[in-house]
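In: next input, structure requested:
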Amino acid sequence: MPSEKELIDKLIDKYTDLQRIKTAPDIQKEIDYQLAITKAKLESCGIVTSDLDIK
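Out: Now for the predicted structure:
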């Protein structure tokens, strides 16, 4: 179970990610970048991301 500080850190990261997307000059490019970063983090934890993709 994550600590309260870890949860706050994750929520701040999520908030800043969404702000980056909202203000990006090329929104699709920023979304693709955010997905690539998140995919790399998940896969480094052993989570197969292909099962999570919307088809």
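In: can you pull the contacts of the closest residue to residue 27 other than its chain neighbours?
Out: Excluding the flanking residues, the one nearest residue 27 by CB to CB, 6 or more residues apart in numbering is residue 21, at 6.2 Å. (Glycine included, C-beta is placed from N, CA and C.) Shown in contact with residue 21 (CB atoms under 8 Å, 6 or more residues apart in numbering): 27, 30, 31, 34.
In: which of these fall within helices?
Out: 27, 30, 31, 34 (DSSP state H).
In: ok, the residues you listed vs residue 17, which is closest?
Out: Residue 17 lies nearest to residue 34 out of the ones in helices among the contacts of residue 21, by CB to CB, at 5.5 Å.
In: re the thing from before, ok, which pair from the ones in helices among the contacts of residue 21 is furthest apart?
Out: The distance between the two most remote of the ones in helices among the contacts of residue 21 (CB to CB) is 10.5 Å, for 27 and 34.
In: who has more neighbours, the two?
Out: The neighbour count for residue 27 versus residue 34, taken as other CB atoms under 10 Å, is higher for residue 34 (15 against 12).
In: tell me the confidence at the more buried one?
Out: At residue 34, the predicted lDDT confidence score is 95.
In: residue 51 now?
Out: Confidence score, pLDDT, at residue 51: 84.
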